[in-house]
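Participant: Requesting a structural model of the entry that follows:
(chains A and B)
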Amino acid sequence: MISRLHRKFIPWVVAHSFEYWYYYIGALVCLYYLHHFQSILPGLAKDLGDKVMSDQLKDIELSKFFYLAFAILFFRTFSRLLFFYPARVQQKNLRLEIMQRLENALPKTYSSFSDGDLFQTIVNDFNRLRGFIGFALLQVGNIIIAAIIFIPKIQEFNEAFLIAFTPLVACVVLFSVLVVVFQPFARKNMDAYADVQNFVIESYSAKKTIKNFHSENSFYQLFRQYSGVELRYFFISSLGRVFSFPLVKLGVGASLIWAALIVKEQGLSGTDLIFFSGFLYLILEPLLFLSWIGIVTSQGYAAWGRIKKLIRSLEQNTVESWYKKYEDFQKIELPFWGKTVDLEIRPKSWNVVIGDTGSGKSYLIDKVAEILRHNKASYSYIKQEPYLYNDTIAENIFLGEPAKGEKLDLAKKCLVEFGLNLLAPTVDEVLALEVGENGKKVSGGQAKRIALIRSLVADVDYIIWDDPFSSVDLILEQQIIKVLKKDERLKNKTFILTSHRFSTVKASDWIVFIEQNLGIKEVGSKAELLEKESLTSEYFKKQMV
Amino acid sequence: MNILKNKWFDYIYIPNSKLLIFFILLALVAASVLGYYTPIIVSELYDGFDEGDIIMPIIYALGGLYVGEYLASVVYQLGISRYVQKLLQHIRSKSYKKWILTYDSIGKGKFGSHNYPMGEVIARILNDTEAVIEMVSSGSFKIFIDFAFIISSLISFVRLNTVSGVALIIAEVLVCAALIIGSKQMGKVYMAVRKSTGHLNRSVANLSAGLRHTFHTPNDSFASKKSKTAFEDFLKKQLTANIWDASYFAIAESLFPILLALLVIVFPYSNIVEMAIIAAIIDLIQRSITPIKEIASKISGIQRAKTGMDRILEFNEDLETLPHSEEGEDLKTIEDFKSLSIDVESFTYPVKGEESSSFELKNVGLHAKSGELVGIVGMSGSGKSTFLKILSTDILASNSLIKIERTDHPNIEFRGDNVEGMSMYKRQVSIVSQDSHVFSESLKFNITFDIGTEEEFQKFWGDVKERIPYLEKWGIDPDEVVKPNDLSMGQKQLISALRSCYLKKPIVLFDEISSGLDSELEEALRKLVLLIQRNSLTVIVAHRVETIVKAGQILVLKDGKLDGVGTHRELLEKNATYQEFISQVRMS
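Facilitator: Sure thing, here's the model as predicted:
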């Protein structure tokens, strides 16, 4: 994997240009010839006028016009393509790189980024960056080369004409300023649009509640309010365009009048004015993009800032002071409520962490996963609310690995025993079932069980489950545990679970009882803690009263 | 078709906008007049050069022309922006209202036959109108005023020189036609890009959301491998589209020499002897190239907007055929509620596709009086949620009868699918469940839904605050905006229970949450239930023994059937299912 994302903005742009230098050289050559051929046109137009006056129309070579048309077509097309191509390829490479980096980074390094933030960066920010290198660079080149070619030509023809471009340039600058000034309103418009959208989403998920209380009218009024705000911003942001777009024509007109006065003063021919107006329209095209260059560049720069913020988070040092090397994991030191605790785990058996809601069970096993990761142990950790990819159940279980052999058998067996065979007539059909966006087509409990199977099928030594059976009723829970304990293929695995259910605890071999602030309150085998007087047995007795 | 056209008019005409429309039309007329004089003034200007001196009045006229054109454009665009702003508010509100009035209950016939999924509702109410906004921001509306100007210029030029004028008109019409045809082809290419973009967006959203979850399980670079396919497909489609649009716009760019060549070709027939005419036609060509260049993209913008409008229209028409409450319908909460009785003979879920549903609710009924507390218990799958949904009319069971007895008025009675009766009944019921929504609005709005007066709310708030110490401890202010994501399940339920308490419905349904409640919240909720019970019949699907110990009657459900009815004490003695339930909730 070549890393492109470690640089600062300007060095990155330079490195990008070097990476694809042959495209850019080609593109600049094309731009040069494009403007070169275009700059012949005003002279030709003037020639037409001159020939009418001197009655020499027969001398005009018709083919010349078509050659020029073809040259413009050719060079314009390729100047664009050669600029677009590297930008598009780069966009793909960068997106892939960020995806790979994310995939290999500890999730806690990017915990401050929501799923929405990640999406925004991968989709929108990289698109803005692409806009910058594909569009802004092209237009900057376009303006510079146009100036290099056009100015000497006009100068050579009549130096006084140069000054007559002032009104046009002034109007275009004013136009650009207006566009930039009103840009923030477009941003506000977008934010307000997101608010309206959120309101509709909320109304949708709350429709039952709204109907239950017959409050349709209140919500209708609220919708009008949200929508009204957005549309007001839309109107304000459109003012920029309303006043600025027609300015360009005004500038063309003013320049033309100025040039006419020069022609009058110097007693030149009317055809000279034709020549001037030809250049006026030629220059217009690159100049019109002036404002967009500013906008696209600032957006690209801001996007790069956000991308770098994410990259920096991913690159931060993740090694903690409590990370240690362990041969086996029978006793691991973990931070807990501001101090260090020694967590004892029995290998190849069922370990369960119990405690009140909020006592830190999830936190503790999260750390267990981290230490296993640090020691490069093979493990699989399923969180309380697992995520299913919008794919088939098989893909969600095997995560891209081929579904075959012993693993497939195990998966099928689990699907049946976990009560998931009810999803379709046959197990094969269950495997082929699409779970939909966010696993929407299956219930939360079913999604969780699918994720549990995912970790059983993975070839790992340690299985960590955070509250695995919360959404399963007691009978199914007993059935699942029984099957898992019996299966030969799972005998050598170490299970580490959290639970607050007595039924789960009864099925485990080793119990760790934790409490907020206190740390580990009690630890021992099931026989020690449940059958004798202990804090644990007292805890469950209290629950049963 | 005619009817649809009239409807169209209904949708794009907004009342009280005559003045706005007048200004828009005025600007269009002004642009046409200015366009008409442009070639005349330009040719007079060059005539002046020809004769060795130009007169200042012509220069002034030319200046006036440009300023006039600017003003006409500004007025026109201003009018359009304002009109679009009003129009969209009008259409969106209308659609939202129609949609919010429809019922989404599950049932027979029109009920639940095609409820719009969320994405669809957003697409119809917002995205479809977005195309019209885009028309403004991309300047698509400009094309009308630009063409008004250019067309009258061309007509005016025909009077100066018929042959070259007509030739230019024909050439430009052909070019427009060619560009439009070309853009149709491009439309397909763009469509492929749009599809691929959609695919890419979905993949990224899907995969990036899963990264945190599959990190801790061996996954063989699942996310990057999958996303790579989407990225590559997008790249391919996008590059193809780039080739098309780069050459398409290049064609437009090469129009100038081609139109000049046309001039040369028609010279032998056009009898142009004055330089002024040449100058005027070159000026005209230069002016018309930009609008012509843009015609294809603008037309496709207009088409998109029209499709969007068509879709909204269709959405609105469809909504009208679905069961809905009437606009401004004033169904009062009754004040003489005596008792409720409901009997469900049988109910099965509508079968979708090949799924077979074996669950059936059979012969379950409930009879209770105002002020009573009724508990419903059962294992998961016993049918208690289904029964509650029937009670709340989220499900309409056709083989059922719901009846409200009133002391001073005729009873309210309805069978499964009668919309009128249901509307009336629904008005009497409020429900507190996990589905009860808490909005990201102020707490006050969440409780009152803007129903009732400020004093009423203040009185209510003071009252509950006194009775429920938890609210004080929580420290939430009624004007504070609630952030639903920061709330625990229990807090959400507390808010929706407060809502039920405030709105004082005769019947309150309560779906207790099964876990994750701390003791203070649990106590607060229990106190609220007592408050609610003072005014209403309260039906609770219970998960905790404490909630129902004092219930007047408890319904025990098992496998979709009624297994027993009685008080806690009675059931504990003789009902095996109830005994099992009690031992399980104690154990968990």
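Participant: Could I get the full set of strands for chain A?
Facilitator: A:331-336, A:339-344, A:350-354, A:379-382, A:462-465, A:494-499, A:510-515, A:519-525 (DSSP state E).
Participant: who wins for proximity to chain B among those?
Facilitator: strand A:379-382 (3.6 Å; C-beta to the nearest C-beta). C-betas here are computed from N, CA, C, even on glycine.
Participant: Do that closest one and chain B come into contact?
Facilitator: Yes - with C-beta under 8 Å from any C-beta of the partner chain as the criterion, chain B is reached by strand A:379-382 at A:Y379, A:S380, A:Y381, A:I382.
Participant: list the helices and strands the longest helix anywhere in chain B packs on?
Facilitator: Across chain B, the longest stretch assigned as helix under DSSP state H is helix B:162-214. The helices and strands touching helix B:162-214, judged by 3 or more C-beta pairs under 8 Å, 6 or more residues apart in numbering or on different chains; DSSP states H and E, are helix A:62-104, helix A:115-119, helix B:142-160, helix B:222-253, helix B:255-270, helix B:275-321.
Participant: Quick one: residues in contact with the shortest one.
Facilitator: The contact list for helix A:115-119, computed with C-beta atoms under 8 Å, 6 or more residues apart in numbering or on different chains, reads A:L102, A:Y110, A:L310, B:N201, B:V204, B:A205, B:S208, B:A209, B:L211.
Participant: Counting by contacts, list what the biggest helix by length in chain A packs against.
Facilitator: If you go by DSSP H, chain A has its longest helix at helix A:216-266. Applying 3+ C-beta pairs under 8 Å, 6+ apart, we find helix A:216-266 packed against helix A:160-163, helix A:166-205, helix A:270-287, helix B:18-50, helix B:56-101, helix B:128-137.
Participant: State the separation between it and the centre of the chain it belongs to.
Facilitator: 32 Å (C-alpha atoms, centre = their mean, to the nearest Å).
Participant: How about stretch A:76-95?
Facilitator: With C-alpha atoms, centre = their mean, you get 20 Å for stretch A:76-95.
Participant: ok, residue 484 - contacts?
Facilitator: No chain in the question, so chain A it is. Counted by C-beta under 8 Å, 6+ apart, A:L484 has contacts A:L456, A:L490, A:F495.
Participant: think we crossed wires, I meant chain B
Facilitator: Neighbours of B:P484 in contact, by C-beta under 8 Å, 6+ apart: B:V438, B:F439, B:S440, B:K492.
Participant: OK, now which residue of the stretch 351-500 of chain B is nearest to chain A?
Facilitator: B:H437 (3.3 Å).
Participant: Next, give phi and psi for the residue lying closest to that residue once chain neighbours are set aside.
Facilitator: Distance criterion C-beta to C-beta, 6 or more residues apart in numbering or on different chains; nearest residue to B:H437, sequence neighbours excluded, is A:A206 at 3.3 Å. According to degrees, to the nearest 10, the main-chain angles of A:A206 amount to phi -110, psi 10.
Participant: still on that earlier bit, out of the helices and strands packed on helix B:162-214, which gets nearest to A:L420?
Facilitator: Of all the helices and strands packed on helix B:162-214, it is helix B:222-253 that lies closest to A:L420, at 20.8 Å by C-beta to C-beta.
Participant: Please point out which parts of the closest one sit buried.
Facilitator: Buried residues in helix B:222-253, counted by 16 or more other C-beta atoms under 10 Å in any protein chain shown: B:222-228, B:230-231, B:233-235, B:237-239, B:241-242, B:244-253.
Participant: what about it and chain A, any contact?
Facilitator: Yes - against chain A, helix B:222-253 shows contacts by C-beta under 8 Å from any C-beta at B:222-228, B:231-232, B:234-235, B:238-239, B:242-243, B:246-247, B:249-251, B:253.
Participant: and the strands of chain A as JSON lines, adding mean neighbour count, mean pLDDT and distance to B:A497?
Facilitator: JSON lines is the format used below for the strands of chain A (neighbours: other C-beta atoms under 10 Å in any protein chain shown; pLDDT from 0 to 100; distance: least, C-beta to C-beta, whole Å):
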{"stretch": "strand A:331-336", "mean neighbour count": "17", "mean pLDDT": "88", "distance to B:A497": "36"}
{"stretch": "strand A:339-344", "mean neighbour count": "15", "mean pLDDT": "87", "distance to B:A497": "39"}
{"stretch": "strand A:350-354", "mean neighbour count": "25", "mean pLDDT": "92", "distance to B:A497": "31"}
{"stretch": "strand A:379-382", "mean neighbour count": "25", "mean pLDDT": "93", "distance to B:A497": "33"}
{"stretch": "strand A:462-465", "mean neighbour count": "24", "mean pLDDT": "94", "distance to B:A497": "33"}
{"stretch": "strand A:494-499", "mean neighbour count": "24", "mean pLDDT": "92", "distance to B:A497": "29"}
{"stretch": "strand A:510-515", "mean neighbour count": "22", "mean pLDDT": "89", "distance to B:A497": "31"}
{"stretch": "strand A:519-525", "mean neighbour count": "17", "mean pLDDT": "86", "distance to B:A497": "35"}
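Participant: Please name whichever of those strands is nearest to B:K298.
Facilitator: Nearest to B:K298, of all the strands of chain A, is strand A:379-382, at 53.6 Å by C-beta to C-beta.
Participant: Tell me which residues touch B:L388, please.
Facilitator: B:I376, B:I431, B:S433, B:L509, B:D511, B:V539, B:V541.
Participant: Oops, could you answer that again for B:Q238 instead?
Facilitator: Contacts of B:Q238 (C-beta under 8 Å, 6+ apart): A:R88, B:V193, B:S196.
Participant: Can you lay out the strands of chain A as TSV showing distance to A:F65?
Facilitator: Shown next, in TSV, are the strands of chain A (distance: least, C-beta to C-beta, whole Å):
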stretch	distance to A:F65
strand A:331-336	80
strand A:339-344	85
strand A:350-354	84
strand A:379-382	72
strand A:462-465	76
strand A:494-499	81
strand A:510-515	86
strand A:519-525	88
